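**Student:** missing the sequence, but the structure's below:
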DNA sequence: CTGAAAGCGCTAACAG
DNA sequence: CTGTTAGCGCTTTCAG
């Protein structure tokens, strides 16, 4: 900036004014500064300025998700990015793999870079460690899972209702022996989905004990194995509710292995790409990652803009998409 | 930091030493400073320090991809993130949608935040505008596409060879009437893939004019429509080579609409999730996003570490994955 | 309309 | 082993 000022033959403050589009600079001066800056390929250092700026905004956010390679996270990320860049905000992203230690490291890394806001799918048991940062005024929004140990905004899907909807869908088609395939039992969404499933069975008067509830399936492989085992028994379920993306993939494989994909019903939670190209198509409870991301970004902006609204959990509805696998009726 | 120093009863420089794990501090002092920092929830400001630090490293990179919502980009992103965080580097990500204007904006946004390195899938015609930054010492690595207007490292797939491999695969099964479905013709990878296709046809002695070459299919919908149209004619192709992810999806739909998925062969470029669950499975030329990301990150680190190696384009091999659709033989 | 001086949080260079 | 002083690139404040 000093160099630009020297080249343009003006004071350093005048360059600052031009760069920041502040008023009270003659257009001739503006032009001189502009061309000097261009000639030197000058890019202002946003962080140096931030050191002295009164609002102390870095125009940067930190985003923590399961994994940036996961399609759901990717869609959420994209929605957040679109909202953020529209207002000049750059976004850091970090993958947690549901590992609390990684969460702490990523949060620390972002805080040291003085992000203006934090959006996270927490992997830790409690996020109380974020309290001091929140009190310092940094907006924090949780997505996908609600926070614990801290009172903060959250944007989540209606997991229990979605699971109940899936279950009801199967019940209405006459299924009574429905298996539940769930993710790690310490993940909040997994718990909610199981609850929705069991409660719906309860409402239908089906003794919960009758349900096959298989949990802690942490990847496609485990789900595949579990389904294979499940279908081997004498009294096997007539329908399967797979409560997560990868588990659905494993379930599809398991059903195919035994050539049961057209006789055992399947409803998955989370949309699967290609779901409509399979035969039968895969019926799912679809989440709305785009909306989740957009709402999270809006919430951060609202708080940064100084509005003192109460902390809130926004529930984003899920949708049942019928494609065939969920409409199979029990044969036995 | 001043506050921490006051609370610990030491000078500010001593706090700096402790935070940065510099030597020559008594362990008693370290302990006092540590607990004071903890009590105040102190997080050092990496950017303030950077202003004065001799190496001027922000430990931050910028990544520009097609879209963070795209599975290929997501996989590359993840590989880069893993390499980066292992050495304390945080990663900005931005989606370009193949829009040159977005590329410029994102680059500017990152440069103002003083990233130490830039990894990009360029959308612009020429990246000459990056020359001053490169001369300033910022490592720049291109992924997926080679740069133009600037001499810089690149990590790319062997697009032409992969396309030739796909084409040869079809030729070997007796196909002579093969259609090519391509992305926007101004995208380098699309051009390369078309070249590989046409050259392989040439080697087989098939007059290039005989080939159906349909280009500028920029999304799944356009590809779907193109395939539908293509299959309507009297002398339709016996095989289709779809040269990109979304185009393959559209092609699958088009073939299914006419119930030709088991009579017209299909090979796609880019792996498609679920490819093995379809019937027939989708034969593809798979790229290696993980390796691309890893190599890009390594290249940045190597240059940051000061090694003055020559600029190089690393070609990452692609793999043919046979799943059924590409092994269909011509019926006519 | 323009510029000089001070200071943001930190590290380099030096002195004790 | 520890502290002091200067200054990184910028914005704030205030004086022209």
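**Tutor:** Perfect, thanks for sending it. From a predicted model like this one, the values you see are computed outputs, not experimental measurements.
**Student:** C-alpha from now on. contacts and neighbour counts both.
**Tutor:** OK.
**Student:** how near is whichever residue of the stretch 201-332 of chain A sits closest to DNA strand C to chain B?
**Tutor:** At 18.9 Å from DNA strand C, residue A:304 is the closest residue in the stretch 201-332 of chain A, using Cα to the nearest atom of the strand. Taking Cα to the nearest Cα, to the nearest Å as the measure, residue A:304 falls 20 Å from chain B.
**Student:** ranges for the helices of the stretch 151-300 of chain A?
**Tutor:** A:159-172, A:188-203, A:220-230, A:245-257, A:289-304 (DSSP state H, counting those that start in this stretch).
**Student:** columns mean pLDDT, mean neighbour count and distance to DNA strand D on top of those helices, output as TSV?
**Tutor:** Listed next are the helices of the stretch 151-300 of chain A as TSV, based on pLDDT from 0 to 100; neighbours: other Cα atoms under 10 Å in any protein chain shown; distance: least, Cα to the nearest atom of the strand, whole Å:
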stretch	mean pLDDT	mean neighbour count	distance to DNA strand D
helix A:159-172	97	23	44
helix A:188-203	95	21	42
helix A:220-230	93	19	50
helix A:245-257	93	23	46
helix A:289-304	98	20	16
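**Student:** right, so of those helices, which gets closest to residue A:282?
**Tutor:** helix A:245-257 (8.7 Å; Cα to Cα).
**Student:** got the angle for that closest one vs helix A:220-230?
**Tutor:** Orientation check (axes from the mean of the first three to the mean of the last three Cα atoms, to 10 degrees): helix A:245-257 against helix A:220-230 gives 40 degrees.
**Student:** dump the residue contacts of residue A:107.
**Tutor:** residue A:62 (Cα atoms under 8 Å, 6 or more residues apart in numbering or on different chains).
**Student:** next helix or strand past the helix or strand harbouring it?
**Tutor:** Counting by DSSP states H and E, the element that carries residue A:107 is helix A:100-112. Downstream of helix A:100-112, the next assigned helix or strand under DSSP H and E is strand A:117-120.
**Student:** so which elements touch that following strand?
**Tutor:** Strand A:117-120 sits against strand A:60-65, strand A:140-143, with contacts defined as 3 or more Cα pairs under 8 Å, 6 or more residues apart in numbering or on different chains; DSSP states H and E.
**Student:** now the ones you listed in CSV, with distance to chain B, mean pLDDT and mean neighbour count?
**Tutor:** Shown next, in CSV, are the helices and strands packed on strand A:117-120 (distance: least, Cα to the nearest Cα, whole Å; pLDDT from 0 to 100; neighbours: other Cα atoms under 10 Å in any protein chain shown):
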stretch, distance to chain B, mean pLDDT, mean neighbour count
strand A:60-65, 9, 98, 26
strand A:140-143, 17, 98, 24
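**Student:** got the residues of chain A near DNA strand D?
**Tutor:** Residues of chain A lying near DNA strand D by Cα under 7 Å from any atom of the strand: A:1-2, A:12-13, A:16-17, A:19-20, A:43-46, A:48-55.
**Student:** of these, which belong to strands?
**Tutor:** Assigned to strands by DSSP state E, none of these qualify.
**Student:** buried ones only from the residues you listed, please, as a ChimeraX command.
**Tutor:** Remark: buried members of these, expressed as a ChimeraX selection using 16 or more other Cα atoms under 10 Å in any protein chain shown:
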select /A:1,16,19,43,44,46,48,50
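**Student:** chain B next: which of the residues of chain A next to DNA strand D are close?
**Tutor:** When contact is defined as Cα under 8 Å from any Cα of the partner chain, the residues of chain A next to DNA strand D meet chain B at A:43, A:44, A:45, A:46, A:48, A:51.
**Student:** can you tell me which of these is closest to residue B:212?
**Tutor:** residue A:43 (48.2 Å).
**Student:** residues in contact with the closest one?
**Tutor:** By Cα under 8 Å, 6+ apart, the neighbours of residue A:43 are A:37, B:108, B:111, B:112.
**Student:** repeat that for residue A:157.
**Tutor:** When contacts are taken as Cα under 8 Å, 6+ apart, residue A:157 is in contact with A:144, A:287, A:288, A:315, A:316, A:317, A:318.
**Student:** look up phi and psi at the residue in the stretch 201-332 of chain A that chain B sits nearest to.
**Tutor:** Nearest to chain B, among the residues of the stretch 201-332 of chain A, is residue A:278, at 5.6 Å (Cα to the nearest Cα). Dihedral pair for residue A:278: phi -80, psi 170, per degrees, to the nearest 10.
**Student:** skipping adjacent residues, who's closest to the residue of the stretch 101-250 of chain A found nearest DNA strand C in space?
**Tutor:** Ranked by Cα to the nearest atom of the strand, the top residue of the stretch 101-250 of chain A for proximity to DNA strand C is residue A:112, at 8.2 Å. The shortest distance from residue A:112 to any non-neighbouring residue, by Cα to Cα, 6 or more residues apart in numbering or on different chains, is to residue B:45 (5.1 Å).
**Student:** surely the one you found meets residue A:110?
**Tutor:** No - between residue B:45 and residue A:110 there is no contact under Cα atoms under 8 Å: 10.2 Å.
**Student:** name the residues contacting each of those two.
**Tutor:** With Cα under 8 Å, 6+ apart, residue B:45 and residue A:110 have no common neighbours.
**Student:** quick one on the thing from earlier: the residue lying closest to the residue of the stretch 201-332 of chain A closest to DNA strand C once chain neighbours are set aside: neighbour count?
**Tutor:** The shortest distance from residue A:304 to any non-neighbouring residue, by Cα to Cα, 6+ apart, is to residue A:139 (7.0 Å). Here the number of neighbours of residue A:139 (other Cα atoms under 10 Å in any protein chain shown) works out to 22.
**Student:** also residue A:218?
**Tutor:** Residue A:218 has 15 nearby residues by other Cα under 10 Å.
**Student:** residue contacts, it?
**Tutor:** A:183, A:184, A:247.
**Student:** again, only this time at 7 Å
**Tutor:** If a contact means Cα atoms under 7 Å, 6 or more residues apart in numbering or on different chains, then residue A:218 has A:183, A:184 as its contacts.
**Student:** now the one 5 residues further on
**Tutor:** Remark: with contacts taken as Cα under 7 Å, 6+ apart, residue A:223 is in contact with A:217, A:247, A:250, A:251.
**Student:** ok, now with 6 Å
**Tutor:** Going by Cα atoms under 6 Å, 6 or more residues apart in numbering or on different chains, residue A:223 touches A:217, A:247, A:250.
**Student:** so the second one makes contact with residue A:220?
**Tutor:** Going back to what we said before, that points to residue A:247. Yes - Residue A:247 lies in contact with residue A:220 (Cα atoms under 6 Å); the separation is 5.3 Å.
**Student:** report the buried residues of the helix holding residue A:107.
**Tutor:** Buried residues in helix A:100-112 (16+ other Cα under 10 Å): A:100, A:102, A:103, A:104, A:106, A:107, A:109, A:110, A:111, A:112.
**Student:** how far does it sit from its chain's centre?
**Tutor:** Taking Cα atoms, centre = their mean, to the nearest Å, one finds helix A:100-112 lying 17 Å from the centre of the chain it belongs to.
**Student:** averaged pLDDT, it. What do you get?
**Tutor:** Across helix A:100-112, pLDDT averages out at 98.
**Student:** what do you get for stretch A:325-332?
**Tutor:** 91.
**Student:** and the helices of the stretch 151-300 of chain A as JSON lines, adding distance to residue A:263?
**Tutor:** Output for these, formatted as JSON lines (distance: least, Cα to Cα, whole Å):
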{"stretch": "helix A:159-172", "distance to residue A:263": "13"}
{"stretch": "helix A:188-203", "distance to residue A:263": "21"}
{"stretch": "helix A:220-230", "distance to residue A:263": "14"}
{"stretch": "helix A:245-257", "distance to residue A:263": "9"}
{"stretch": "helix A:289-304", "distance to residue A:263": "31"}
